[in-house]
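Undergrad: sequence and computational prediction follow.
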Amino acid sequence: METVNKQEKPAAISYSNIISKKIRVIGIPLDLGQSRRGVDMGPSAVRVAGLEARLEALGHVVEDAGNVAVAIAEQKKEGDPHAKYLKEITATCTKHAELVLKTLEAGKVPVVLGGDHSVAAGTVAGVAEFYRRDNKNIGLIWIDAHSDINTPETSPSGNVHGMPLAAIAGLGPAELANIFNFSPKVNPDNCVLVGVRDVDAHEKENIRKAGVEVFTMRDIDERGMRTVMEEALRMAGRGTAGYHISLDMDWIDPEDAPGVGTPVRGGATYREAHLAMEIIADHARMLSFEIVEVNPVIDEHNRTADLAVELTLSAFGKKIL
């Protein structure tokens, strides 16, 4: 009797094409840049939401460098009312920039947890300095409801969390702009704002002065997230080693991210936010990543921190299939 060979069972298909990265998590519990308190607890909230374990489950190797030491408002005087706590913020961002630089020198990807958005001046300074030593430029994708491009001369509040992009672009304040003694940190052609929807009159002037690229929420509404992100990444990537991603959680609509420093209605939806991160992962040119302005004091059951972790996972390669 002829023996019929049983069909071999096909090998299990793996849908994972994630390239394992060495990641260093850096917390910057800074809340001196704004009037509403609470974002200093953001790094802890994101850690509690399981950032390290969930990144490791994707296949990445993660270490937590702890928090950069930060002054607290009760111990300091605010100083210049047009740039409150600028001295302390600059000191923190300088220490942070040095740690980011050392992280890249060690072959690890910095994942920065804010704090208010003024921490970005330190993150970008560290990344830009690392690549500058190799005669390379970096790009910047600034994903935010706000443009954060005020200067002490134009700021209506004097809150420095509204100034980090101005510092990165070389408009000032000088102390924050000149970390590592060079400015601007990013060429305007490679600096792209995505999703802004709350911009004051002086910031509109500063955006034109700086010459940075901008996609507003209207652009996303009209053209779709995919088109906007593809163009933004192309702009940030032109002639650069890659780009830093700076994600302010207030970019997302408060319906999905209620616990943020400065909530503004009309932001990106849950799925739009994930799509943006997934497209970043597809391009595979992200050099560093930060999430800022998570405020557990006004959050609901840590929803915003949990979403921050989910979006980080998408940026580092997690897919539906």
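TA: Good, I have the coordinates.

Undergrad: where do the strands sit along the stretch 101-250 of the chain?
TA: Here the stretch 101-250 of the chain has its strands, by DSSP state E, counting those that start in this stretch, at 109-114, 139-143, 191-196, 213-216, 243-248.

Undergrad: now those strands as a markdown table including mean neighbour count?
TA: Yep, even glycine has a C-beta here, placed from its N, CA and C like the rest. Formatted as a markdown table, the strands of the stretch 101-250 of the chain follow (neighbours: other C-beta atoms under 10 Å):
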| stretch | mean neighbour count |
| --- | --- |
| strand 109-114 | 27 |
| strand 139-143 | 28 |
| strand 191-196 | 26 |
| strand 213-216 | 18 |
| strand 243-248 | 27 |
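
Undergrad: out of the ones you listed, which is closest to Leu58?
TA: The closest of the strands of the stretch 101-250 of the chain to Leu58 is strand 109-114. By C-beta to C-beta, the value is 12.6 Å.

Undergrad: the closest one vs strand 243-248, what angle?
TA: Orientation check (axes from the mean of the first three to the mean of the last three C-alpha atoms, to 10 degrees): strand 109-114 against strand 243-248 gives 20 degrees.

Undergrad: tell me the centre residue of the chain?
TA: Most central in the chain under C-alpha atoms, centre = their mean is Ser246, positioned 2.0 Å from the mean C-alpha point.

Undergrad: list the contacts for it?
TA: Taking C-beta atoms under 8 Å, 6 or more residues apart in numbering, we find Ser246 in contact with 117, 120, 123-124, 140-144, 290, 292.

Undergrad: and the nearest residue to Gly162 once chain neighbours are set aside, how far is that from Ile28?
TA: Closest residue to Gly162 in three dimensions, ignoring its sequence neighbours and counting by C-beta to C-beta, 6 or more residues apart in numbering: Asn150, at 4.6 Å. Look at Asn150 and Ile28: by C-beta to C-beta, to the nearest Å, they are 20 Å apart.

Undergrad: now Ala268
TA: Computed as C-beta to C-beta, the Ala268 to Ile28 distance reads 24 Å.
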